[in-house]
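Colleague: quick one: sequence and predicted model below, then my questions.
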Amino acid sequence: MTTTTVPNELRFSILSSVLFKEVASLNRVVSNHAVMPILSNLLLDVRTNELTLTASDLNTTAIATLSVTSPGEVRIAVPATLLLETLRNLPEQPIDIAINTSKYNITIKAQNGEYRIACENAADFPVIPDITQKEAIQVEVKTLKKAIKKTVFAAGKDEMRPGLDGVNITIDEKQATFVAIDGHRLVRYIRHDIHSSTPYQVTLGVRPLQLITQLLPDDSQQVMLMISDKYVFFWLGHVQIITAIIDEDYPDYENIIPKSSPHKMRISRNKFLNAMKIIAYYANKTTHQILLYLKQDQLDLHAEDLQFSNQAHTQLPCQYSGNEYKVGLNASLALELVNHMPQADIQFLFDTPKRAIVIEPTEASKEPEELLMLIMPVAVD
């Protein structure tokens with residue numbers, strides 16, 4: 001490839017596959033419904049021998065830094081989708097990229113083609129949050145991703161209740177506690193191998209947490225967390241993720257968890273799931289209500305949809321001793337909770353038919369973790 005010097009133009013070379021990998025990763029942050037047109041772009045920031053790529057949706061900012069050979073500095077905002085699809089369909093090869101800040105475009109020169117993309121002024125891109133030096137909390141990537149996946153599914157999705165639309169994370173000198181609530185269920189996941197000498201409590205949104213699980217690799221590397229008043233920063237190698245903290249009070253969830261449960265059922269997780277999946281099809285499509293009848297070492301599951309005259313019931317063996325007991329559950333919510341239980345056997349702890357039901361493992365985990373789930377019953381006629 002031949003190069004020609006052009007005024008107000010800076011050039012650098014990079015392997016197409018290397019650039020594609022980072023652009024594809026950061027493109028997850030770019031929203032299809034960006035609140036500002038500039039957010040459909042990636043910010044390219046070239047410093048001496050360094051290229052920084054930045055994507056933002058205002059709540060989450062992701063940054064990747066790559067080594068390049070470049071004699072100067074330049075910044076420009078490039079349409080993310082067009083850049084991604086160009087790189088996706090190029091065979092792996094070295095490419096030259098020329099950034100022209102007077103004409104606001106970049107030109108990609110490949111072995112058999114040239115591609116010019118109209119760009120925007122980098123000055124319009126949101127300011128990237130900074131952080132004053134605070135304690136760095138080290139967490140294994142796979143541990144962090146596990147904690148997110150164990151809780152984020154149960155977070156609220158009601159824009160009128162933003163305080164519930166995320167996962168609340170409390171870190172102190174003993175442990176880290178991840179909690180999600182949606183008004184009908186609660187999940188509390190504790191890690192005893194995450195701790196901080198400075199206590200923190202923050203709530204992070206569902207989408208930012210999902211992006212973190214997608215952007216961080218599946219391995220045993222250590223990611224560094226730093227928490228400021230408004231943001232949480234995640235650093236791992238050449239990748240940095242910054243997400244805004246939800247500025248809303250979180251419920252006092254410890255008061256929601258029952259302190260005593262006189263009725264206890266132990267049951268095979270897989271048998272319960274398989275039976276529930278069938279019974280759920282017969283439940284009313286609006287309420288998703290099913291009934292649980294407990295008696296000596298037996299669980300009866302019932303569902304009925306009067307609108308279509310469908311009904312079903314099945315029996316399962318379990319370990320239960322106590323008075324006969326009846327309670328209603330939302331099958332859809334219960335299934336999702338039990339799906340996230342890892343052990344072969346689980347136990348349900350019941351109080352009165354109107355109070356929260358606790359679901360938890362029957363065996364202690366081999367990892368330094370604790371998992372507790374809670375679901376509110378539905379009214380039974």
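Modeller: Cool, the structure landed.
Colleague: assign the residue nearest in space to the middle of the chain to helix, strand or coil.
Modeller: The residue lying closest to the centre of the chain (CA atoms, centre = their mean) is residue 210, at 2.2 Å. Assigned with DSSP: H, G, I helix; E, B strand; the rest coil, residue 210 falls in the helix class.
Colleague: and the helix ranked longest in the chain, what does it pack onto?
Modeller: In the chain, taking DSSP state H as the definition, the longest helix is helix 269-281. Using 3 or more CB pairs under 8 Å, 6 or more residues apart in numbering; DSSP states H and E as the contact test, the elements touching helix 269-281 are strand 289-295, strand 298-305, strand 310-317, helix 331-339, strand 345-350. Glycine gets a C-beta too; all of them are placed from N, C-alpha and C.
Colleague: how close does residue 165 get to residue 128?
Modeller: Distance, residue 165 to residue 128, using CB to CB, to the nearest Å: 24 Å.
Colleague: same check, this time on residue 263
Modeller: Going from residue 263 to residue 128 by CB to CB gives 53 Å.
Colleague: ok, the two, which is more surrounded?
Modeller: residue 263 (19 against 14; other CB atoms under 10 Å).
Colleague: what bridges to the more buried one?
Modeller: Beta bridges link residue 263 to residue 350, judged by DSSP bridges.
Colleague: hmm, back to that, could I get the CA-only coordinates of the longest helix of the chain as PDB?
Modeller: Only the C-alpha atoms of helix 269-281 are listed here, as PDB (Å, rounded to 0.1, in the frame of the first residue of the first chain):
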ATOM      1  CA  ARG A 269     -34.200 -29.800  41.900                       C
ATOM      2  CA  ASN A 270     -34.500 -31.500  38.500                       C
ATOM      3  CA  LYS A 271     -37.700 -33.400  39.300                       C
ATOM      4  CA  PHE A 272     -39.300 -30.100  40.600                       C
ATOM      5  CA  LEU A 273     -38.200 -28.200  37.500                       C
ATOM      6  CA  ASN A 274     -39.400 -30.900  35.000                       C
ATOM      7  CA  ALA A 275     -42.800 -31.100  36.700                       C
ATOM      8  CA  MET A 276     -43.200 -27.300  37.000                       C
ATOM      9  CA  LYS A 277     -42.400 -26.800  33.300                       C
ATOM     10  CA  ILE A 278     -45.300 -29.100  32.300                       C
ATOM     11  CA  ILE A 279     -47.700 -27.700  34.900                       C
ATOM     12  CA  ALA A 280     -46.900 -24.100  34.000                       C
ATOM     13  CA  TYR A 281     -48.300 -24.700  30.500                       C
END
